[in-house]
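A.B. asks: The sequence isn't on hand, but the structure is:
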Ligand SMILES: CC(C)(COP(=O)(O)OP(=O)(O)OC[C@H]1O[C@@H](n2cnc3c(N)ncnc32)[C@H](O)[C@@H]1OP(=O)(O)O)[C@@H](O)C(=O)NCCC(=O)NCCS
């Protein structure tokens, strides 16, 4: 019997109904559709408008779709991990809320805070539980309600992000397909370039932090832009080298969708033809931990069993890395 691998055996995505176009943003901040499309590739993003709904509701929609698609009963789930930075509360974890809402009463779980790398970090943690043989049906959710932490007076950040979530089912595989290998990295010296200033234990919420609009995403776009290209490109190259693979061996590259110029630069630097690099940023913007499962879900029909796929992400922290997997169905 071969070594057990963790394989993705189903994917799903969910974005809320309401759409915010670049033209809608023109009414809020000094910007225009041409600037946003040419600098980022984004044409629209979906926004969860219902003030009573939160990240767990995005997750519930994605997971319920996944359960229906894969014929999985909620009680069969052993573990549920959520990559997010916009959990419903500081505590408890959104994983607990989602498990409760869907009736996954045998699942334990927790959230992973790795910003835009939240999904790939969570996927690797879940994979280790499956590989060890201790857990058989593990759900990984990645998603964010970014509209809850965006300053719609700051044109440099509010145009970039949207709301959405995706989910995958991980199960044991013995035919060699599944997650092969990963390179995951983090570097806290980048923390000040992409973060939320207040709301944590350093700067708890006060009337002053609210007045100063410190509960929103703050970033130095140019530094993040360069670091993202470097981090994703280097981790893809290192991963290919570690696995003796060349660009020709890889069928698909699924990058975190932060900016189409970042995606194009990574593809060019590593030497992938654009047809292999999957992009859906024009429809959703950057949904942070949601982007990679949303790409998996949108392009699922293209994948064939055995296809070699690289997932790559970069985000606040800084956090970044790449995962190599062989598609299992
Ligand atoms: C934010 C980002 C799109 C800005 O694009 P850029 O080409 O770097 O633009 P700059 O920041 O150099 O700004 C260029 C000009 O456009 C202006 N500008 C910024 N946002 C604008 C907007 N929405 N509309 C119109 N003009 C805008 C700037 O004020 C600046 O004007 P100035 O030259 O008069 O000062 C880009 O830096 C980026 O995508 N960074 C990565 C961010 C990211 O993806 N973070 C998520 C985590 S991975």
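C.D. replies: In hand now; what should we look at? On a predicted model such as this, the values are computed, not experimentally measured, just so you know. Numbering: from 1, shown residues only.

A.B. asks: Leaving out chain neighbours, which residue sits closest to whichever residue of the stretch 151-300 of the chain sits closest to the ligand?
C.D. replies: Nearest residue of the stretch 151-300 of the chain to the ligand, counting by C-beta to the nearest ligand atom: residue 221, 2.9 Å away. For the C-beta atoms, the positions are set from N, CA and C on the backbone; glycine is no exception. Closest residue to residue 221 apart from its sequence neighbours, by C-beta to C-beta, 6 or more residues apart in numbering: residue 156 at 5.7 Å.

A.B. asks: hang on, the one you found packs against residue 222?
C.D. replies: No - in this structure residue 156 lies outside contact range of residue 222 using C-beta atoms under 8 Å: 10.0 Å.

A.B. asks: between the two, which one's more packed in?
C.D. replies: Between residue 156 and residue 222, residue 156 has the larger neighbour count (other C-beta atoms under 10 Å), namely 15 against 10.

A.B. asks: element containing that one?
C.D. replies: Using DSSP states H and E, residue 156 sits in helix 155-158.

A.B. asks: quick one: average confidence on that helix?
C.D. replies: Taken as a whole, helix 155-158 has a mean pLDDT of 97.

A.B. asks: Report the rounded mean pLDDT for the helix or strand following it.
C.D. replies: Using DSSP H and E, the next helix or strand after helix 155-158 towards the C-terminus is strand 163-173. Regarding strand 163-173, the rounded mean pLDDT is 98.

A.B. asks: ditto for stretch 184-193
C.D. replies: 98.

A.B. asks: Next, the buried residues of that stretch.
C.D. replies: Buried residues in stretch 184-193, counting neighbours by 16 or more other C-beta atoms under 10 Å, are found at 184, 185, 186, 190, 193.

A.B. asks: what helices or strands is the lengthiest helix in the chain leaning on?
C.D. replies: If you go by DSSP state H, the chain has its longest helix at helix 221-242. Here helix 221-242 touches strand 178-186, helix 260-270, strand 308-315, strand 319-326, going by 3 or more C-beta pairs under 8 Å, 6 or more residues apart in numbering; DSSP states H and E.

A.B. asks: Buried by neighbour count: which residues of that helix qualify?
C.D. replies: In helix 221-242, counting by 16+ other C-beta under 10 Å, buried: 224-225, 227-229, 231-237, 239-240.

A.B. asks: Quick check, the residue in the stretch 1-150 of the chain closest to the ligand?
C.D. replies: residue 31 (3.3 Å).

A.B. asks: sec struct for that residue, please.
C.D. replies: Following DSSP: H, G, I helix; E, B strand; the rest coil, residue 31 is assigned to coil.

A.B. asks: need the next SSE after the longest helix of the chain, C-terminal direction.
C.D. replies: By DSSP H and E, the next helix or strand past helix 221-242 is strand 252-255.

A.B. asks: Can you list the neighbours in contact with that next one?
C.D. replies: With contact meaning C-beta atoms under 8 Å, 6 or more residues apart in numbering, strand 252-255 is reached by 232, 236, 262-263, 266-267, 270, 272, 276-279, 292, 295-296, 299, 302-303, 307-313.

A.B. asks: and these, which are buried?
C.D. replies: 232, 236, 262-263, 266-267, 270, 272, 276-279, 292, 295-296, 299, 303, 308-313.
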